[in-house]
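Undergrad: Compute the structure for the input listed below.
(chains A and B)
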Amino acid sequence: MSEYIRVTKDENDDGTVLLCTVTAQFPGACGLRDRNPVSQCMRGVRLVEGILHAPDAGWGNLVYVVNYPKDNKRNMDETDASSVVNVKRAVQKTSDLIVLGLPWTTTEQDLEEYFSTFGEALMVQIKKDTKTGHSKGFGFVCFMEYETQVKVTSQQHMIDEQWCDRKLPNSKQSPDKPLRSRKVFDMNEDELWQFCQYGEVVDVLPSLCGEDLIIKGISIHISYAEPKHNSNRKKEVEDLAVIQVALGIGFHLISAVHLISNVYGTGTSLKVVL
DNA sequence: GTTGAGCGTT
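TA: Residues are numbered from 1 along each chain as shown, chains lettered A, B, ... in the order given. Got it, this is the predicted structure:
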(Lines give C-alpha, C1' and ligand atoms only; values in the text may rest on other atoms or scores of the structure.)
Protein backbone atom coordinates (compact mmCIF):
# COMPACT_ATOMS: atom_id res chain seq x y z
CA MET A 1 0.00 0.00 0.00
CA SER A 2 1.44 3.32 -0.98
CA GLU A 3 0.40 4.76 2.35
CA TYR A 4 3.16 2.98 4.15
CA ILE A 5 6.89 2.89 4.25
CA ARG A 6 8.09 -0.62 4.28
CA VAL A 7 10.96 -1.10 6.67
CA THR A 8 10.67 -4.84 6.80
CA LYS A 9 8.96 -7.44 4.76
CA ASP A 10 7.59 -9.42 7.66
CA GLU A 11 7.64 -9.04 11.37
CA ASN A 12 9.00 -11.96 13.28
CA ASP A 13 6.66 -14.80 14.20
CA ASP A 14 6.32 -13.52 17.73
CA GLY A 15 5.23 -10.06 16.58
CA THR A 16 8.53 -8.30 17.14
CA VAL A 17 10.61 -6.10 14.91
CA LEU A 18 14.23 -5.34 15.55
CA LEU A 19 15.02 -1.70 16.19
CA CYS A 20 17.93 -1.96 13.80
CA THR A 21 15.44 -2.72 11.04
CA VAL A 22 13.96 0.72 11.67
CA THR A 23 17.27 2.50 12.05
CA ALA A 24 18.35 1.11 8.70
CA GLN A 25 15.75 3.39 7.15
CA PHE A 26 15.73 6.09 9.83
CA PRO A 27 19.26 6.62 11.07
CA GLY A 28 19.41 7.76 14.66
CA ALA A 29 15.96 6.46 15.50
CA CYS A 30 15.51 5.15 19.01
CA GLY A 31 12.01 3.76 18.81
CA LEU A 32 8.52 4.01 17.41
CA ARG A 33 5.23 5.41 18.54
CA ASP A 34 1.74 5.23 17.20
CA ARG A 35 -1.61 6.84 17.71
CA ASN A 36 -4.10 4.91 19.75
CA PRO A 37 -7.08 4.59 17.40
CA VAL A 38 -9.52 4.96 20.29
CA SER A 39 -8.05 7.68 22.47
CA GLN A 40 -6.10 9.36 19.64
CA CYS A 41 -3.18 9.66 22.03
CA MET A 42 0.35 8.93 21.00
CA ARG A 43 1.88 5.92 22.69
CA GLY A 44 5.29 4.41 22.52
CA VAL A 45 5.93 1.01 21.07
CA ARG A 46 7.40 -1.24 23.73
CA LEU A 47 11.11 -1.56 23.24
CA VAL A 48 13.12 -4.15 25.13
CA GLU A 49 16.76 -4.71 24.42
CA GLY A 50 16.60 -3.51 20.87
CA ILE A 51 13.40 -5.39 20.09
CA LEU A 52 10.15 -3.62 19.29
CA HIS A 53 7.05 -5.40 20.51
CA ALA A 54 3.71 -5.08 18.78
CA PRO A 55 0.82 -3.46 20.65
CA ASP A 56 -1.59 -5.88 22.29
CA ALA A 57 -3.85 -5.79 19.26
CA GLY A 58 -0.95 -6.51 16.93
CA TRP A 59 0.79 -4.13 14.54
CA GLY A 60 -2.48 -3.67 12.72
CA ASN A 61 -3.20 -0.95 10.27
CA LEU A 62 -1.71 1.89 12.27
CA VAL A 63 0.74 4.57 11.30
CA TYR A 64 3.95 4.42 13.30
CA VAL A 65 6.12 7.43 13.89
CA VAL A 66 9.83 7.25 14.39
CA ASN A 67 11.24 8.45 17.71
CA TYR A 68 14.55 10.18 18.03
CA PRO A 69 16.51 10.83 21.22
CA LYS A 70 14.92 13.86 22.86
CA ASP A 71 18.00 15.79 23.89
CA ASN A 72 19.42 15.11 20.50
CA LYS A 73 16.57 16.34 18.38
CA ARG A 74 18.44 19.09 16.65
CA ASN A 75 21.72 17.33 16.84
CA MET A 76 21.38 13.84 15.54
CA ASP A 77 24.99 14.10 14.61
CA GLU A 78 27.46 16.80 13.77
CA THR A 79 26.95 16.51 10.05
CA ASP A 80 23.23 17.05 10.29
CA ALA A 81 23.58 19.92 12.68
CA SER A 82 25.94 21.77 10.41
CA SER A 83 23.71 21.03 7.45
CA VAL A 84 20.88 22.84 9.15
CA VAL A 85 23.12 25.80 9.73
CA ASN A 86 24.07 25.74 6.10
CA VAL A 87 20.44 25.79 5.13
CA LYS A 88 19.89 28.81 7.32
CA ARG A 89 22.78 30.53 5.65
CA ALA A 90 21.55 29.59 2.23
CA VAL A 91 18.28 31.30 2.98
CA GLN A 92 20.04 34.57 3.54
CA LYS A 93 22.49 34.44 0.72
CA THR A 94 21.95 37.17 -1.82
CA SER A 95 23.06 37.26 -5.39
CA ASP A 96 23.93 39.95 -7.87
CA LEU A 97 21.04 40.97 -10.06
CA ILE A 98 21.42 42.28 -13.54
CA VAL A 99 19.38 45.34 -14.39
CA LEU A 100 18.68 45.75 -18.08
CA GLY A 101 17.07 48.51 -20.03
CA LEU A 102 18.37 51.42 -18.03
CA PRO A 103 18.11 54.87 -19.57
CA TRP A 104 21.46 56.03 -20.97
CA THR A 105 21.46 58.89 -18.54
CA THR A 106 20.93 56.89 -15.36
CA THR A 107 23.96 57.02 -13.09
CA GLU A 108 25.08 54.65 -10.37
CA GLN A 109 23.97 57.25 -7.87
CA ASP A 110 20.50 57.30 -9.42
CA LEU A 111 20.37 53.53 -9.31
CA GLU A 112 21.58 53.37 -5.72
CA GLU A 113 19.01 55.97 -4.74
CA TYR A 114 16.24 54.04 -6.43
CA PHE A 115 17.07 50.63 -4.97
CA SER A 116 17.77 51.95 -1.49
CA THR A 117 14.04 52.43 -1.08
CA PHE A 118 13.80 48.61 -1.00
CA GLY A 119 16.72 47.99 1.31
CA GLU A 120 20.42 48.43 1.71
CA ALA A 121 22.47 47.68 -1.40
CA LEU A 122 25.97 46.31 -1.02
CA MET A 123 26.93 47.08 -4.59
CA VAL A 124 25.47 49.06 -7.44
CA GLN A 125 27.20 49.43 -10.74
CA ILE A 126 26.45 50.55 -14.26
CA LYS A 127 28.48 49.12 -17.08
CA LYS A 128 30.08 51.83 -19.16
CA ASP A 129 32.08 52.08 -22.33
CA THR A 130 35.71 52.12 -21.29
CA LYS A 131 36.62 54.84 -23.75
CA THR A 132 33.67 57.16 -23.69
CA GLY A 133 32.47 56.39 -20.18
CA HIS A 134 28.91 56.29 -21.46
CA SER A 135 26.45 53.88 -19.93
CA LYS A 136 25.82 50.67 -21.79
CA GLY A 137 22.30 50.72 -20.41
CA PHE A 138 22.68 47.89 -17.94
CA GLY A 139 24.20 47.28 -14.57
CA PHE A 140 24.28 45.12 -11.49
CA VAL A 141 23.01 45.40 -7.96
CA CYS A 142 23.50 43.25 -4.89
CA PHE A 143 21.49 43.64 -1.73
CA MET A 144 22.41 43.03 1.85
CA GLU A 145 19.24 41.16 2.75
CA TYR A 146 17.77 38.31 0.81
CA GLU A 147 14.31 39.68 1.58
CA THR A 148 15.21 42.84 -0.29
CA GLN A 149 16.30 40.84 -3.27
CA VAL A 150 13.03 38.94 -3.25
CA LYS A 151 11.12 42.22 -3.09
CA VAL A 152 13.07 43.65 -5.99
CA THR A 153 12.79 40.59 -8.18
CA SER A 154 9.10 40.24 -7.58
CA GLN A 155 8.04 43.52 -9.09
CA GLN A 156 8.61 45.77 -12.05
CA HIS A 157 10.80 48.82 -11.89
CA MET A 158 10.37 52.23 -13.35
CA ILE A 159 13.76 53.90 -13.25
CA ASP A 160 14.09 57.42 -14.63
CA GLU A 161 10.78 57.01 -16.43
CA GLN A 162 11.70 53.77 -18.11
CA TRP A 163 10.63 50.22 -17.36
CA CYS A 164 13.68 48.13 -16.57
CA ASP A 165 14.18 44.43 -16.42
CA ARG A 166 15.93 42.70 -13.55
CA LYS A 167 16.97 39.07 -13.29
CA LEU A 168 19.67 36.73 -12.13
CA PRO A 169 22.71 37.07 -14.38
CA ASN A 170 23.49 34.07 -16.58
CA SER A 171 26.69 33.56 -14.64
CA LYS A 172 24.69 33.02 -11.45
CA GLN A 173 22.23 30.60 -12.86
CA SER A 174 22.77 26.89 -12.61
CA PRO A 175 22.85 25.74 -16.22
CA ASP A 176 21.17 22.42 -15.57
CA LYS A 177 18.14 23.68 -13.76
CA PRO A 178 15.08 25.27 -15.25
CA LEU A 179 14.34 28.79 -14.09
CA ARG A 180 10.63 28.46 -13.86
CA SER A 181 9.13 27.25 -10.63
CA ARG A 182 6.87 24.32 -10.38
CA LYS A 183 4.57 24.13 -7.42
CA VAL A 184 3.58 20.78 -6.10
CA PHE A 185 0.70 20.54 -3.71
CA ASP A 186 -0.63 17.51 -1.91
CA MET A 187 2.24 15.41 -3.03
CA ASN A 188 1.57 11.76 -3.28
CA GLU A 189 4.25 9.16 -3.00
CA ASP A 190 5.00 9.05 -6.69
CA GLU A 191 5.50 12.79 -6.83
CA LEU A 192 7.72 12.59 -3.80
CA TRP A 193 9.90 10.07 -5.46
CA GLN A 194 10.18 12.34 -8.46
CA PHE A 195 11.14 15.14 -6.12
CA CYS A 196 13.72 12.96 -4.46
CA GLN A 197 15.86 12.86 -7.55
CA TYR A 198 16.61 16.57 -7.30
CA GLY A 199 18.81 16.56 -4.30
CA GLU A 200 18.97 16.53 -0.60
CA VAL A 201 16.67 18.20 1.84
CA VAL A 202 18.15 18.29 5.25
CA ASP A 203 15.31 18.63 7.64
CA VAL A 204 11.70 19.43 8.14
CA LEU A 205 11.75 21.20 11.43
CA PRO A 206 8.97 23.35 12.75
CA SER A 207 11.42 26.22 12.84
CA LEU A 208 11.98 25.87 9.13
CA CYS A 209 8.35 25.68 8.18
CA GLY A 210 7.21 28.71 6.30
CA GLU A 211 10.72 29.48 5.21
CA ASP A 212 12.12 29.46 1.76
CA LEU A 213 15.08 27.22 1.64
CA ILE A 214 17.68 27.05 -1.04
CA ILE A 215 19.34 23.70 -0.88
CA LYS A 216 21.82 22.72 -3.51
CA GLY A 217 20.39 25.40 -5.75
CA ILE A 218 16.83 24.21 -5.41
CA SER A 219 14.29 26.57 -3.93
CA ILE A 220 12.05 24.78 -1.50
CA HIS A 221 9.22 26.23 0.47
CA ILE A 222 7.94 24.13 3.30
CA SER A 223 4.76 25.01 5.08
CA TYR A 224 2.18 23.36 7.23
CA ALA A 225 -1.41 23.32 6.23
CA GLU A 226 -3.85 24.90 8.65
CA PRO A 227 -5.26 22.34 11.02
CA LYS A 228 -8.53 21.04 9.67
CA HIS A 229 -10.06 19.89 12.89
CA ASN A 230 -8.52 19.94 16.32
CA SER A 231 -5.95 22.68 16.63
CA ASN A 232 -4.61 21.20 19.85
CA ARG A 233 -3.00 18.59 17.76
CA LYS A 234 -0.80 21.16 16.13
CA LYS A 235 1.47 21.11 19.14
CA GLU A 236 1.77 17.40 18.73
CA VAL A 237 2.82 17.62 15.16
CA GLU A 238 5.41 20.21 15.98
CA ASP A 239 6.69 17.91 18.61
CA LEU A 240 6.79 15.05 16.21
CA ALA A 241 7.96 16.92 13.21
CA VAL A 242 11.57 16.60 14.08
CA ILE A 243 11.98 14.25 11.24
CA GLN A 244 15.08 14.14 9.28
CA VAL A 245 14.39 14.44 5.64
CA ALA A 246 16.92 13.10 3.27
CA LEU A 247 15.73 13.15 -0.25
CA GLY A 248 18.53 10.87 -1.15
CA ILE A 249 16.72 8.30 0.88
CA GLY A 250 13.24 9.56 0.33
CA PHE A 251 11.55 7.64 3.05
CA HIS A 252 11.91 10.41 5.55
CA LEU A 253 10.13 12.99 3.52
CA ILE A 254 7.34 10.58 2.86
CA SER A 255 7.06 9.84 6.54
CA ALA A 256 6.93 13.54 7.27
CA VAL A 257 4.08 13.96 4.85
CA HIS A 258 2.26 11.08 6.45
CA LEU A 259 2.80 12.48 9.86
CA ILE A 260 1.59 15.91 8.97
CA SER A 261 -1.40 14.74 7.00
CA ASN A 262 -2.35 12.40 9.81
CA VAL A 263 -2.67 15.29 12.17
CA TYR A 264 -3.92 17.99 9.87
CA GLY A 265 -6.01 15.70 7.78
CA THR A 266 -5.32 14.74 4.25
CA GLY A 267 -4.99 17.67 1.97
CA THR A 268 -2.18 20.13 1.59
CA SER A 269 0.63 18.82 3.65
CA LEU A 270 3.92 19.94 2.24
CA LYS A 271 4.33 22.56 -0.37
CA VAL A 272 7.45 22.13 -2.41
CA VAL A 273 8.49 24.62 -5.03
CA LEU A 274 11.02 23.46 -7.55
C1' DG B 1 27.04 63.76 -30.12
C1' DT B 2 23.93 57.98 -32.57
C1' DT B 3 21.41 52.83 -29.83
C1' DG B 4 17.48 49.43 -26.89
C1' DA B 5 18.86 43.35 -26.86
C1' DG B 6 21.85 41.82 -23.82
C1' DC B 7 25.29 39.41 -19.36
C1' DG B 8 29.87 41.74 -15.46
C1' DT B 9 37.52 45.87 -18.20
C1' DT B 10 38.96 46.05 -12.21
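Undergrad: So what's the residue count around A:Tyr114?
TA: 19 (other CB atoms under 10 Å). For the C-beta atoms, the positions are set from N, CA and C on the backbone; glycine is no exception.
Undergrad: doesn't it fall inside a helix?
TA: Yes. Counting by DSSP: H, G, I helix; E, B strand; the rest coil, A:Tyr114 is found in a helix.
Undergrad: okay, whatever residue of the stretch 151-274 of chain A ends up closest to DNA strand B: pLDDT?
TA: Here the stretch 151-274 of chain A gets closest to DNA strand B at one residue, A:Pro169, 3.1 Å apart by CB to the nearest atom of the strand. Model confidence at A:Pro169, given as pLDDT, is 94.
Undergrad: Verify the contact between A:Ile126 and A:Pro103 for me.
TA: No. A:Ile126 lies out of contact with A:Pro103 (CB atoms under 8 Å); the separation is 10.5 Å.
Undergrad: higher neighbour count, these two?
TA: Neighbours around A:Ile126 and A:Pro103, counted as other CB under 10 Å, are more numerous at A:Ile126. The numbers are 21 against 14.
Undergrad: Partner strands of whichever strand or helix holds that one, with direction?
TA: Assigned by DSSP states H and E, A:Ile126 belongs to strand A:121-128. Sheet pairing of strand A:121-128 (DSSP bridges) gives strand A:135-143 (antiparallel).
Undergrad: Give the buried residues for the strand it pairs with.
TA: Within strand A:135-143, the residues that qualify as buried are A:135, A:137, A:139-143, counting by 16 or more other CB atoms under 10 Å.
Undergrad: what's the strand holding A:Ile126 in contact with?
TA: For strand A:121-128, contacts defined as CB atoms under 8 Å, 6 or more residues apart in numbering pick out A:94, A:96, A:102, A:106-108, A:111-112, A:115, A:134-136, A:138-144, A:148.
Undergrad: Span of stretch A:25-32 from start to end?
TA: With CA to CA, to the nearest Å as the measure, the ends of stretch A:25-32 fall 13 Å from one another.
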